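**Student:** need a 3D model of the following:
(2 chains)
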Amino acid sequence: MWTPAGRGRWHGRALRLWEAATARRGPPESGPAPTRAAAAAAGTPRSPDGPADRKEKIDMSRFSVENTRNFSIIAHVDHGKSTLADRLLELTGAIDKTKNNKQVLDKLQVERERGITVKAQTASLFYNCEGKQYLLNLIDTPGHVDFSYEVSRSLSACQGVLLVVDANEGIQAQTVANFFLAFEAQLSVIPVINKIDLKNADPERVEKQIEKVFDIPRNECIKISAKLGTNVERVLQAVIERIPPPKVHRKNSLKALVFDSTFDQYRGVIANVALFDGMVSKGDKIVSAHTKKTYEVNEVGVLNPNEQPTHKLYAGQVGYLIAGMKDVTEAQIGDTLYLHKQPVEPLPGFKSAKPMVFAGMYPIDQSEYNNLKSAVEKLTINDSSVTVHRDSSLALGAGWRLGFLGLLHMEVFNQRLEQEYNASVILTTPTVPYKAVLSSAKLIKEYREKEITIINPAQFPDKSKVTEYLEPVVLGTIITPDEYIGKVMMLCQARRAVQKNMMYIDQNRVMLKYLFPLNEIVVDFYDSLKSLSSGYASFDYEDAGYQTAELVKMDILLNGNIVEELVTIVHKDKAHSVGKVICERLKDSLPRQLFEIAIQAAIGSKIIARETVKAYRKNVLAKCYGGDITRKMKLLKRQAEGKKKLRKIGNIEVPKDAFIKVLRTQSDK
Amino acid sequence: MLGAFIGIFSTIVPTNRLPLGISATSTPSPSALSFSPDFAALVAARPHSTEHIALGGQAAAASAPVPSRWRRSGEAPGPARRSGSRGGARAHAAPLPSFRRRGPAGRAPRAPVRPGRVSAASPSPGAVALPGARARGWAAAAAAARAAQRRRRAEGARGPPSPRAALYVHWPYCEKRCSYCNFNKYIPRGVEEAAVRSCLVTEAQTLLRLSGVRRVESVFFGGGTPSLASPSTVAAVLEAVDQAAHLPADSEVTLEANPTSAPSSRLAAFGAAGVNRLSIGLQSLDDTELQLLGRTHSSRDALQTLAEARRLFPGRVSVDLMLGLPAQQVGPWLRQLRTLLGCCDDHISLYQLTLERGTELFTQVQRGTLSAPDPELAAEMYQEGRALLRDAGFRQYEVSNFARNGALSTHNWTYWQCGQYLGVGPGAHGRFAPQGAGDHTREARIQTLEPDNWMKEVMLFGHGTRRRIPLSKLELLEEVLAMGLRTDVGITHQHWQQFEPQLSLWDVFGASQEVKALLAQGILLLDHRGLRCSWEGLAVLDSLLLTLLPRLQDAWQQRAPSLVQGE
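**Tutor:** From the prediction side, this is the model:
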């Protein structure tokens, strides 16, 4: 249960929100707009007495399974997914029609800034059509395949999707990736061509592309302008007509899928659930199939899009549930909930999100460690797909090795740390999890398995003890105007990619499929692709397992001493260029010392790159008279203080900045 | 080499007596000691036993009544009385009785004095008639200054010195802004020189009084462009110094001179006003470079000024030459230096250009309109240049300073030896232990920067001190270390002991592995003489200090508890 203070505070806040919403909405109007009636019928405003008045709660039993639709919107970045969601929310009265409704479901600052959806959001829409009350559950998915696991678990609660394509840009790489996710989940796909109001819009061409790439008849496309609201009503009708109701049974005992969870500091974990069977209400005892822990349900409700308590939730419905879970790990995404003493077969597809990109994260100043730690904890509490391992670097101090689903995920995480927690961090160049198939019996015994995953380069086993090394690969989709094909292919080749497919999706747009080693795209591939195609090419990728790779461990030496934090695993073909870059960066950032410094990149005993930092020949202030002494002493003492913090490699003092310059993510590779 | 000069000049120097009164009264703590520029260091290895040349005895001479307005300063009151009584206690046969006779009324404009007419060695009755009365004959002054060095050396080894200091006077005005200079300077429409003069005089008097300094060993007029000031201003300040404390006739009085503002007649007038050493901001002998630097003179002007200065101040002229300018090449620069060697006097300063924030050159380099100076080339110029000077008989007595025939700058030596100095004028810095404050803590003082504000403050309070920062004992030792190592003699054991009698250089640095590595590398030396840089080490001193300063701090923290108590 909540503490009284927490409860009071939360309800006070919720109440004010509610009052504001109802006040703006004004008296229900008669007329053709189904929205008003629906809002009045379903979302009966509670009295100002507040939540204690349970009678005012929505009765969800009125929405039968036949009148329920669960769907999601998928789209390439900026194709208008969130704007369409805003219109749907307005049309159904979930939110007021004002000019301020901009990406209502994108609650995070980073989502609104980048035009991407990071966190899945849900809204239950009440819609009156031809005399019937429909419950339309819009499950907004993250818009990037970095979050494909989130997408897939969101989709698993849906029966259909709206595939939104920009009428100007046409099909883009993410459109393709998202389509196949929906297609594989056997969902009904309703193509929606958006932005038909734009001057350069060419919806007919996009129809042809959709037909060619996705094999969907042209006449099934709905052409809309989400911005202006044109034809949006037709979208709702298509949802009702073309998406089947969920195949579920109220009479069976409860089977609920946890497809997302958030953490509220006053109420604990709020689990987003989709009911496949049965019903759930306050007071029910439920069990997690994953942890086998039992909880008592404190509150159930729907998201409209703000939390709105209901008496019950029924099979086929989507809503939230609060049950005294203290930690998001207790509401594992993909977990199945059932009633105490009424166990059910768990829903398939439960798996932990698998991090594909790893990076070290360190506070810029070690004194910030605890603040950063608490910020990371708070963020990961709502994003269980980030893996966190404590790590420490001699140069950068204590920090973490974080695993992310992909690059965007990593960037978003970092940006949220900065924006929401005002934390400044050093993020090291991302690496990928390599694998090694061990041949040494001793090592196999030590690791207790034949195939090990290497996250930290320091653990890289020697070639003599390994049958083969493996690196993660992804299947990349690139869609580009054909004038850039040559450059794109050159870029892909330089990244060790193997072409798998190539097709024209219309007269001048080409879709290319390449198998990429993941580590070749983790740093700057996307930026390079965008710049060589003047921003026109789009890229997306999906996991494609592992493949054999000739990996080597590269050491960086300063006057013959290995710098531990710069040990790198690299493909044999790339060792020279990567080593050269590291040596050059070090040369630029290592201050001169009283002796010459040789910077070398080496594989085993073989030196593959070298730079030299010459010794100081002169380092003394030219003029130091009466008026200069104070300033000079201050400077010297500051420098001496800084020197104490330097990492010593042999007798060479290496400033933290030098490590940061070498390790930090940079796009000028 | 110096010894030879001592031998020659000791015969000319008037033999003064020891001011016993001081040593009898108190033993100031080391931080408060007003060490003279420690020329003892120069010949530390030689026994001093034969050098019983007495100290300047004029210390008590100047106890002019302090105008009442100076007492509004908010500083320790009544120093006039105190100094008067001390003067009494220290009564001795003053060699220049005329000084005593001069009161404030004597501060009339000085009559021009021809160089050579009056010798400090033989104060003539005529000196009395001369306002200022300290007019010096140049050769004699040079000799006297060197002898003064010798006296200090003798004194340094001999117990408590008299409260003495060097004095810096800042003239903040320039005709034009040089592109490399970030000093405290102003380009005025017109200077009310009488007002500035009056303020400089007032502040010099106030600070001397506050410091309790009895004897000023050197005066340096810097800037800005002090050669733009009237000789009468220089004379007025010198006279005030002599009255408030005592300015021995052999004290070094240097003026920074700019070739364009220093025609021969003016130089002579400065000489008559009491200046006996010139530092000429020649900077370059290449007209293109001079233009880049924003200088108003040509190389011809510079050489002409140098020649005239040498005629007027033989053996007492220094020139500055810059190196490491943008686009400057080693060969041509060395040719400049050779040309200069053909016509220079006994002192040269080689300054590597430092790009200072806020200067035009800095901005141009930032914007990329000017190529940044190449540090490698600058290092080469420096190394080649100092080798060339060495071969020409110059001693590199400090990082950027070279002298032959013993013509070291006494004033600057004071800075590097952490002697006391007073800073007079806008933005001037000083370091001294104020009297009457109860303890003897040395303070770093900074005067108000902006001339008009400074003047207002001086008029209101008698001085324009903006900040007073007490220096801890450790901070003073840090300065002793950082400044001392800039000199070729470094820090002698004797010198160090004067500041820190208990913790020796060996104690501090002897056991450190890092220091040992520097010794092994041959860039640092620690031996029976003391701690100093080698020829190579001097060029990278700032790097060495980053090892030595923390070592000193650690040793200071770890010193024996009994020492801590005694602090």
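**Student:** shouldn't B:Arg189 be within a strand?
**Tutor:** No. Counting by DSSP: H, G, I helix; E, B strand; the rest coil, B:Arg189 is not found in a strand; it is coil.
**Student:** burial count for it?
**Tutor:** Neighbour count for B:Arg189, taken as other C-beta atoms under 10 Å in any protein chain shown: 4. In short, each C-beta sits where N, CA and C put it, glycine included.
**Student:** what's the answer for A:Leu275, then?
**Tutor:** Around A:Leu275 there are 28 other residues, counting by other C-beta under 10 Å.
**Student:** again with the one 5 residues further on
**Tutor:** Summarising burial for A:Val280: neighbours were counted as other C-beta under 10 Å, giving 24.
**Student:** the helix or strand encompassing A:Met511 pairs with which strands, parallel or anti?
**Tutor:** Under the criterion of DSSP states H and E, A:Met511 resides in strand A:509-517. Paired strands of strand A:509-517, with direction, are strand A:466-481 (antiparallel), strand A:498-504 (antiparallel) (DSSP bridges).
**Student:** so which bits of that strand are buried?
**Tutor:** A:Arg509, A:Val510, A:Met511, A:Leu512, A:Lys513, A:Tyr514, A:Leu515, A:Phe516, A:Pro517 (16 or more other C-beta atoms under 10 Å in any protein chain shown).
**Student:** same thing with stretch A:528-541?
**Tutor:** A:Ser528, A:Leu529, A:Leu532, A:Ser533, A:Tyr536, A:Ala537, A:Ser538, A:Phe539, A:Asp540, A:Tyr541.
**Student:** show me how far it is from its chain's centre.
**Tutor:** Its chain's C-alpha centre and that of stretch A:528-541 lie 20 Å apart, by C-alpha atoms, centre = their mean, to the nearest Å.
**Student:** just the C-alpha atoms of it, please, in PDB.
**Tutor:** Output in PDB follows, covering the C-alpha atoms of stretch A:528-541 (Å, rounded to 0.1, in the frame of the first residue of the first chain):
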ATOM      1  CA  SER A 528      28.000   8.800 -43.400                       C
ATOM      2  CA  LEU A 529      25.000   7.400 -45.200                       C
ATOM      3  CA  LYS A 530      22.900  10.500 -44.600                       C
ATOM      4  CA  SER A 531      25.700  12.800 -45.700                       C
ATOM      5  CA  LEU A 532      26.600  11.000 -48.900                       C
ATOM      6  CA  SER A 533      22.900  10.900 -49.900                       C
ATOM      7  CA  SER A 534      22.200  14.500 -48.900                       C
ATOM      8  CA  GLY A 535      19.900  13.100 -46.300                       C
ATOM      9  CA  TYR A 536      17.700  11.000 -48.700                       C
ATOM     10  CA  ALA A 537      18.800   7.500 -47.900                       C
ATOM     11  CA  SER A 538      17.200   5.800 -45.000                       C
ATOM     12  CA  PHE A 539      18.600   2.900 -43.000                       C
ATOM     13  CA  ASP A 540      17.300   0.300 -40.600                       C
ATOM     14  CA  TYR A 541      18.500  -3.100 -39.500                       C
END
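**Student:** hmm, back to that, helices - which of the buried residues of stretch A:528-541 land there?
**Tutor:** Residues of those located in helices (DSSP state H): A:Ser528, A:Leu529, A:Leu532.
**Student:** name the nearest residue to the last one, sequence neighbours excluded.
**Tutor:** This means A:Leu532. A:Lys487 (4.6 Å; C-beta to C-beta, 6 or more residues apart in numbering or on different chains).
**Student:** from what I see, B:Glu376 and A:Arg617 are in contact.
**Tutor:** Yes. Taking contacts as C-beta atoms under 8 Å, B:Glu376 lies within contact range of A:Arg617: 7.1 Å.
**Student:** the two: which has the busier surroundings?
**Tutor:** Taking other C-beta under 10 Å, B:Glu376 and A:Arg617 do not tie; A:Arg617 has more neighbours (16 against 13).
**Student:** my read: that one touches B:Leu538, true?
**Tutor:** No. With contact defined as C-beta under 8 Å, A:Arg617 does not reach B:Leu538; the gap is 11.8 Å.
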